[in-house]
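In: Sequence plus the predicted model coming up.
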Amino acid sequence: MDLEKQPAPQASPPEGCLTVAIRIPVRIVVLVLVVPVRIVWDAFVVVGRFLRDRVLRPLWRALVVWPCAALWRYVVVPLAKAVGWLGKMLVVIPLVALYRYVLTPVGHGVAWVVRGIVAGLVWVYARVLTPVGRGIVWLLKGLGAVLVRIVTLVGHGVAWVARGIVAGLAWVYARLFTPVGRGIVWLLKGVGAVLAWIFTPIGRAIVWCARGLAWLAGAVATGIGVALYWIARILLVLPAVALWRWILAPVGRVLAVVGREVWDALGHAWRIAGHISLAVGRFLATLLRWIFVEPVRWVYREVLTPVGHVIRDVIRDMVLRPVAEAARSVGRITRATLASARESARQARADFRRMLFGDAAGTREREAVARREPTGADTRTLGSSTTALTKD
């Protein structure tokens with residue numbers, strides 16, 4: 001039982017009679033036109049897959065992948081290893097030796113010299129330059145103090161003279177320029193009042209006339225705009241709306257229905273043509289199998305396989321087995337020869353050792369061999385006692 005409420009399926013909108021009348025003929029015509037195209041398309045797909053899997057991929061592997069792999073494995077990698085070895089022997093090892101046995105001692109020597117120079121410079125700075133600099137600083141401080149005193153005195157004198165000049169200019173401004181300025185201001189105020197009493201009525205009349213002209217121009221422009229609006233609406237908008245509403249919209253709906261039905265018919269026809277193409281392909285594959293594949297398979301199974309088995313048995317019995325027996329015989333003879341050669345060499349070594357060191361070395365060797373390789377009588381069994389406590 002579902003815990004969540006499943007959304008209800010949306011009901012498809014009802015179809016009109018025009019849709020139903022267009023659908024069947026369109027689907028029949030489209031199916032007749034699409035079936036050959038789908039069959040040809042499927043044939044091309046099958047041929048393309050066969051060429052890709054059976055021709056292009058083997059060719060690509062034979063012509064590109066395997067040569068590149070062989071080139072990489074048997075040419076590039078050995079060449080790179082050889083170049084690396086040569087680089088190591090000719091460049092890395094000489095550079096390491098140069099760095100270790102030449103540059104490092106030279107660097108240590110240069111560092112020792114630089115440390116000596118730095119120590120000398122530090123001593124000169126601390127013992128020579130520092131006292132001299134302190135003396136120069138003390139002298140400059142004395143000269144600076146004298147110069148500051150002189151500049152201070154000169155500044156006080158200049159300030160006293162400047163204060164006197166400013167006081168004189170202030171007295172002149174207060175006693176002469178202030179009454180004259182007040183008279184000029186009073187005169188300008190009187191002239192402004194006269195001009196305002198004369199020009200104010202004239203300005204108000206001009207403003208009233210401008211407002212009237214603006215209202216008249218607005219009324220005229222509004223009337224012209226309303227007239228143009230109605231003319232454009234009657235001559236352009238209403239015919240365009242009628243054309244869209246009564247001609248273009250119905251024709252567009254009909255074309256949309258036809259286009260949708262044609263698209264759906266193409267989809268149905270493509271799927272049905274796929275089933276038809278599959279059936280035709282299976283029929284042709286079955287026919288090819290019964291006409292060509294099965295006879296070839298029967299010939300391979302009933303004729304070529306027994307003949308091949310007979311040829312294989314004949315070659316195995318007449319050629320391979322004698323060759324194998326001969327090879328085994330050669331192997332046995334070779335092993336026996338090598339064993340005899342080893343035994344001869346062992347005897348020769350024993351004789352040489354006996355000739356140099358006497359018979360004791362041979363006795364020790366035989367005892368060592370006897371201890372290393374026990375005989376059958378000395379092997380351990382369940383019935384024999386081999387421990388130190390039970391041994392007789």
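Out: Cool, the structure landed.

In: Output the lowest mean pLDDT helix or strand found in this structure.
Out: Ranked by mean pLDDT, DSSP states H and E, the weakest helix or strand in the chain is helix 359-372, scoring a mean of 51.

In: how about low-confidence regions in the stretch 201-350 of the chain?
Out: In the predicted model of the stretch 201-350 of the chain, no residue satisfies pLDDT under 70.

In: can you give me the helices for it?
Out: With DSSP state H, counting those that start in this stretch as the criterion, the stretch 201-350 of the chain has helices at 238-243, 249-288, 294-299, 305-315, 321-357.

In: Need the ones you listed in TSV (columns: mean neighbour count and distance to G183).
Out: No exception for glycine: its C-beta is placed from N, CA and C like everyone else's. What follows is these, written out as TSV (neighbours: other CB atoms under 10 Å; distance: least, CB to CB, whole Å):
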stretch	mean neighbour count	distance to G183
helix 238-243	11	79
helix 249-288	14	88
helix 294-299	11	137
helix 305-315	10	143
helix 321-357	10	148
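
In: Go ahead and flag the most central residue of the protein.
Out: Taking CA atoms, centre = their mean, the centroid of the chain lies closest to V65, which sits 25.0 Å from it.

In: Return the distance of the strand or helix carrying P179 from the chain's centre.
Out: For P179, the host element (DSSP states H and E) is helix 178-232. The gap between where helix 178-232 is centred and where its chain is centred comes out at 74 Å by CA atoms, centre = their mean, to the nearest Å.

In: give me the number of residues near L98?
Out: L98 has 11 neighbouring residues, counting by other CB atoms under 10 Å.

In: G308 versus A324, what's the distance?
Out: Separation of A324 from G308 (CB to CB, to the nearest Å): 21 Å.

In: likewise I276?
Out: Separation of I276 from G308 (CB to CB): 43 Å.

In: same check, this time on I93
Out: I93 is 62 Å from G308, by CB to CB.

In: Then A82?
Out: Distance of A82 to G308, computed by CB to CB: 48 Å.

In: Could you do V185 as well?
Out: V185 sits 137 Å away from G308, going by CB to CB.

In: what's the answer for P239, then?
Out: In terms of CB to CB, P239 sits 92 Å off from G308.

In: repeat for K81
Out: From K81 to G308 the distance is 46 Å (CB to CB).

In: For stretch 313-323, what is the distance to the chain centroid?
Out: 62 Å.

In: Could you tell me the end-to-end distance of that stretch?
Out: Taking CA to CA, to the nearest Å, stretch 313-323 runs 14 Å from one end to the other.

In: again, but for stretch 50-57
Out: So stretch 50-57: terminal residues 10 Å apart, CA to CA.

In: For that stretch, give the mean pLDDT please.
Out: Across stretch 50-57, the average pLDDT comes to 87.

In: List the buried residues for that stretch?
Out: Within stretch 50-57, no residue is scored as buried using 16 or more other CB atoms under 10 Å.

In: so how far is that stretch from its chain's centroid?
Out: The answer for stretch 50-57 is 31 Å, by CA atoms, centre = their mean.

In: Count residues in the vicinity of V37, would you?
Out: Using other CB under 10 Å as the criterion, the residues surrounding V37 number 13.

In: From R271, how far out is it?
Out: 13 Å.

In: cool, and V122?
Out: 96 Å.

In: Quick check: most distant residue from the centroid of the protein.
Out: R175 (90.1 Å).

In: okay, it: pLDDT?
Out: Listed pLDDT for R175 reads 72.

In: Now do the same contact list for it.
Out: Residues near R175 by CB atoms under 8 Å, 6 or more residues apart in numbering: none.

In: Kindly provide the distance from it to A167.
Out: Distance, R175 to A167, using CB to CB: 13 Å.

In: before we move on, what about R349?
Out: When distance is defined by CB to CB, R349 is 138 Å away from A167.

In: Check L236 too.
Out: Taking CB to CB, one finds L236 at 87 Å from A167.

In: What's the end-to-end length of stretch 68-88?
Out: The separation between the terminal residues of stretch 68-88, taken as CA to CA, is 27 Å.

In: Quick one: mean pLDDT over that stretch.
Out: 90.

In: Could you do stretch 99-110 as well?
Out: The pLDDT scores in stretch 99-110 average 88.

In: how far is that stretch from where the chain is centred?
Out: Relative to its chain's centre, stretch 99-110 lies at 46 Å (CA atoms, centre = their mean).

In: What's the end-to-end length of that stretch?
Out: Span of stretch 99-110 from end to end, CA to CA: 15 Å.

In: Only alpha carbons, please: show whichever strand or helix holds A82 as PDB.
Out: Assigning secondary structure by DSSP H and E places A82 in helix 77-87. Taking Å, rounded to 0.1, in the frame of the first residue of the first chain, the C-alpha atoms of helix 77-87 are listed here in PDB:
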ATOM      1  CA  VAL A  77      61.800   1.300 -24.900                       C
ATOM      2  CA  PRO A  78      65.200  -0.200 -25.700                       C
ATOM      3  CA  LEU A  79      66.300   3.000 -27.400                       C
ATOM      4  CA  ALA A  80      65.200   5.000 -24.400                       C
ATOM      5  CA  LYS A  81      66.900   2.600 -22.000                       C
ATOM      6  CA  ALA A  82      70.100   2.900 -24.100                       C
ATOM      7  CA  VAL A  83      69.800   6.700 -24.200                       C
ATOM      8  CA  GLY A  84      69.200   6.800 -20.500                       C
ATOM      9  CA  TRP A  85      72.200   4.600 -19.800                       C
ATOM     10  CA  LEU A  86      74.400   6.700 -22.100                       C
ATOM     11  CA  GLY A  87      73.100   9.900 -20.500                       C
END
